[in-house]
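>>> have a look; sequence and predicted model below, questions after that.
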Amino acid sequence: MEFKSMIRLLPMLFATLLMVACGGSNTKKNDSAVVEAMAVVPIFDADSAYSFVEKQVSFGPRVPNTQAHRNCGDWLEAKLREYGAEVVDQNIELMAYNGTKLQARNIIAQFRPENKKRVLLCAHWDSRPWADCDPDAANHRKPILGANDGGSGVGVLLEIARQMSAVPATVGVDIVLFDAEDYGTHKADHSVRHNMDNSWALGSQYWARIPHKSPYNARYGILLDMVGAPHSTFYREGVSQHYAASIIDKVWKVAADNGYASYFINEEGGFVTDDHLYVNEYMGIPCIDIINHDKESENGFGPYWHTVKDDMSWIDAATLKAVGQTVLAVIYNEK
Ligand code: AHN
Ligand code: ZN
């Protein structure tokens, strides 16, 4: 046998050996069925994910129409190409609720684009133009760094991309980084005519109407939003529960099996208007939102949320690990 094809067989061999090693009480006769049930899941490197969050934050606030936003977008695309994805972007002008024209960019990274069996992973990469929840009113018109709100989900997805470049998953994966999620109504603008829920998630609203490929399909989607705060708690978010309860079941079970039940709480949380809403509503693809719900905080997301404090001090590698390892296990178990 050629050495190259040996290497390709190694994961399977390893899985078989594992079965032999731990199979004392296993009475199954059908070895191939047993091997099939075992997926080799890469080890998510939380320090690497952390550094990807740090890198995004180093550009400054990634607010549409700013140089930091353009620079970070270029870096994200280059990184995803480096990890072997076929990357396309949607450069679009989106109208914010206040009439501002946003030069926005959805970044779509396709792994194994020829594969019909696909899973969608997504996060928003922009950061909010205003710290309108800051305790200090002097900050209410300042942009946020968005280490957790934006940076964390993208950081986890970049590390998953890096892992897929080393050992591809069986299914095709699309990593979609949405722009202009966080340009929703400023708290002080509550009386404006445009104060409505669809002022948020502009990039995903666009993509869900006009995807990069038509028709677009995926078995399901997983959105990551605010997945880096220490001791985060992820509940069964309402929109996800409504459209994609079985996907929550699957992901929360994998999390528990991997020892992350203290993060993934098997109880209902509130409804959140987020990028997944439009993937569910417009595309009909069941999509869940893994989003930190902080029951103790006033706004429900955490004391840093939409404040100038959303910096690296709110990023904990242990939380990135819990989320990243869980999502990796979910996609590497797709056949
Ligand atoms: C609303 O506050 C309406 N939705 C929260 C979505 C969001 C904002 N995620 C991150 N920042
Ligand atoms: Zn936000």
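Great, that's in hand. Ligands and ions are numbered 1, 2, ... in the order given.

>>> drop to CA atoms for contacts and neighbour counts, all remaining ones
Will do.

>>> buried ones in stretch 311-324?
Counting neighbours by 16 or more other Cα atoms under 10 Å, one finds that the buried residues in stretch 311-324 are 311-312, 314-324.

>>> please apply the same query to stretch 111-131.
Within stretch 111-131, the residues that qualify as buried by neighbour count (16+ other Cα under 10 Å) are 111-113, 117-131.

>>> what's the answer for stretch 214-221, then?
217-218, 220-221.

>>> can you give me the helices for the chain?
In chain order, the chain shows helices spanning 3-22, 31-37, 46-58, 67-82, 153-166, 202-209, 238-257, 275-278, 317-332, with DSSP state H as the criterion.

>>> I'd like these as TSV, with mean pLDDT and distance to Ala147 appended.
Shown next, in TSV, are the helices of the chain (pLDDT from 0 to 100; distance: least, Cα to Cα, whole Å):
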stretch	mean pLDDT	distance to Ala147
helix 3-22	39	35
helix 31-37	55	37
helix 46-58	99	6
helix 67-82	98	13
helix 153-166	99	9
helix 202-209	98	19
helix 238-257	98	23
helix 275-278	98	18
helix 317-332	99	12
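
>>> can you list the residues of the protein near ligand 1?
Within the chain, the residues that sit near ligand 1 (Cα under 6 Å from any ligand atom) are 149, 182, 272-274.

>>> for ChimeraX, what selects the buried ones among those?
This is how ChimeraX selects the buried members of those, with burial counted by 16+ other Cα under 10 Å:
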select :149,182,274
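
>>> identify, from the residues of the chain next to ligand 1, the entry nearest to Pro303.
Here the nearest of these to Pro303, counting by Cα to Cα, is Asp149; it sits at 12.1 Å.

>>> before we move on, back to that, tell me the most buried of the helices of the chain?
The highest mean neighbour count among the helices of the chain belongs to helix 275-278 (a mean of 26), with neighbours defined as mean count of other Cα atoms under 10 Å.

>>> and that one, what does it pack onto?
Helices and strands touching helix 275-278, as assessed by 3 or more Cα pairs under 8 Å, 6 or more residues apart in numbering; DSSP states H and E, comprise helix 202-209, strand 221-225, strand 287-291.

>>> closest to Glu86 out of those?
Comparing the helices and strands packed on helix 275-278 against Glu86 with Cα to Cα, the closest turns out to be helix 202-209 (17.0 Å).
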